[in-house]
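# Fold the following, please.
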Amino acid sequence: MKRALAAVVAVASMTLSGCGVVLGQKQPPEAVNTLVYTPAEWPEPLRADVYQPRGEGPFPGMLLVHGGGWEGRSREDMDRLASYYVGLGYVVMNVSYRFAPEALYPAQVHDLQQAMHWLHREAERLSLDRDRIAAFGYSAGAHLVSLMALVAGTGDELDRPWGGEDTRPAAVVAGGAPMDLRKYPGGRLVPQFLGGRITEIPETFAAASPVTRVHPEAPPFMLFHGTRDTLVTIDHAEDFVAALAAEDVPVTLERQAGRGHILTFLTVGTALPEADAFLQRHLGGPG
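As a prediction, the model looks like this:
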């Protein structure tokens, strides 16, 4: 994966509404709280912004995970999406996670598993419906939520000891997701994330690729991807969709015509009608 992937959302964080598509919200949140979601014994404290919608629950939930090549950026890149979904009546948790190379795979997956456990523990206080928690990630964030969702409750090594059924989202929205890391035999970011090159650790490259983790009990997926994405080419999404479809897992792919990796995120608003319809089908929507 090219170096530019690490900075893919640098501009996006300032202009997420791009191309005339405004991410508005129907109502302001009741509260936004920044908190540490990891347990005291975790290698480092990790923070999240939790958005509480107005009204009476139980509300659906949304876990948001930012991109940045597994080595940088921040949850602030997802702030506009957080405001959008809390405005629709979701309890939103916008999280930070550990970065490579200081923290190697699978540390980041374990971080997200802790976030899901936090949501389940706090569900009553948040008026959150535990059975209607979705996950939405872009780029590296989409890769991580996809891995977490696919291994949840399987008993796989990646699911132990921090996973389990509570870490399975009811639905996943994944944008610009690198679904097969074996497609990156060179470059810096993927070896830095995994701790070696594909010639040294081919089994890790396979295990860290969501496309190899597909099974019939996987949650529904909605993918969106730029047709001119040269950082994460669209065949990542197409191969993943084919693998899910072969197992009869509900899946849809929204192709963003003529857009590259950065522009797809800048204009994420154009993917939201399809994403919201997908969430309505599989979560029942807010309310």
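
# low-scoring pLDDT stretches of the chain, where are they?
The chain contains residues with pLDDT under 70 at 1-26, 285-287.

# cutoff 90 now
Along the chain, segments meeting pLDDT under 90 span 1-31, 284-287.

# which stretches of it form helices?
79-87, 107-121, 123-126, 140-151, 189-194, 202-207, 235-246, 261-266, 272-283 (DSSP state H).

# Mind listing what's buried along the shortest one?
Think helix 123-126. By neighbour count with 16 or more other CB atoms under 10 Å, helix 123-126 contains the buried residues 123, 126. Where you see a C-beta, it was placed from the backbone N, CA and C, and this is true even at glycine.

# before we move on, what about the last one?
Across helix 272-283, burial judged by 16+ other CB under 10 Å covers 272, 275-276, 278-279, 282-283.

# Mind giving me the packing neighbours of that helix?
strand 128-138, strand 171-175, strand 221-226, strand 251-256 (3 or more CB pairs under 8 Å, 6 or more residues apart in numbering; DSSP states H and E).

# returning to that earlier point: okay, the helices of the chain, which one's buried deepest?
A comparison of the helices of the chain by mean neighbour count, using mean count of other CB atoms under 10 Å, puts helix 140-151 on top with a mean of 28.

# helices or strands up against that one?
Packed against helix 140-151, as judged by 3+ CB pairs under 8 Å, 6+ apart, are the following elements: strand 59-65, helix 107-121, strand 128-138, strand 171-175.

# Which of those sits closest to residue 206?
helix 107-121 (15.1 Å; CB to CB).

# Which one, of the helices of the chain, ends up nearest to residue 94?
Nearest to residue 94, of the helices of the chain and by CB to CB, is helix 79-87 at 4.6 Å.

# starting at the chain centroid, how far to that closest one?
Distance of helix 79-87 from its chain centroid, counting by CA atoms, centre = their mean, to the nearest Å, is 15 Å.

# and the angle for it with helix 272-283?
If you take axes from the mean of the first three to the mean of the last three CA atoms, to 10 degrees, helix 79-87 sits at 50 degrees to helix 272-283.

# Quick one: work out the angle between helix 79-87 and strand 128-138.
Going by the same axes, to 10 degrees, helix 79-87 makes 150 degrees with strand 128-138.

# tell me which strands and helices helix 79-87 is in contact with?
Using 3+ CB pairs under 8 Å, 6+ apart, helix 79-87 sits against strand 47-52, strand 59-65, strand 91-95.

# To residue 30, which of the ones you listed lies closest?
Distance to residue 30, taken as CB to CB, is lowest for strand 47-52 among the helices and strands packed on helix 79-87, at 4.7 Å.

# buried sites along that closest one?
48-52.

# Residue 164 and residue 231: what is the separation?
Applying CB to CB, to the nearest Å, the value for residue 164 to residue 231 is 33 Å.

# Just the CA coordinates for stretch 272-287, please, in PDB.
Output of stretch 272-287 as PDB, limited to C-alpha atoms (Å, rounded to 0.1, in the frame of the first residue of the first chain):
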ATOM      1  CA  LEU A 272     -25.100   7.400   3.000                       C
ATOM      2  CA  PRO A 273     -28.600   6.900   1.400                       C
ATOM      3  CA  GLU A 274     -27.600   3.400   0.400                       C
ATOM      4  CA  ALA A 275     -25.900   2.900   3.800                       C
ATOM      5  CA  ASP A 276     -29.000   4.100   5.700                       C
ATOM      6  CA  ALA A 277     -31.300   1.900   3.600                       C
ATOM      7  CA  PHE A 278     -29.000  -1.100   4.400                       C
ATOM      8  CA  LEU A 279     -29.000  -0.300   8.100                       C
ATOM      9  CA  GLN A 280     -32.800   0.100   8.000                       C
ATOM     10  CA  ARG A 281     -33.100  -3.400   6.500                       C
ATOM     11  CA  HIS A 282     -30.800  -5.100   9.000                       C
ATOM     12  CA  LEU A 283     -31.200  -3.100  12.200                       C
ATOM     13  CA  GLY A 284     -34.700  -1.900  11.800                       C
ATOM     14  CA  GLY A 285     -33.500   1.700  11.900                       C
ATOM     15  CA  PRO A 286     -33.700   4.200  14.800                       C
ATOM     16  CA  GLY A 287     -36.700   4.300  17.000                       C
END
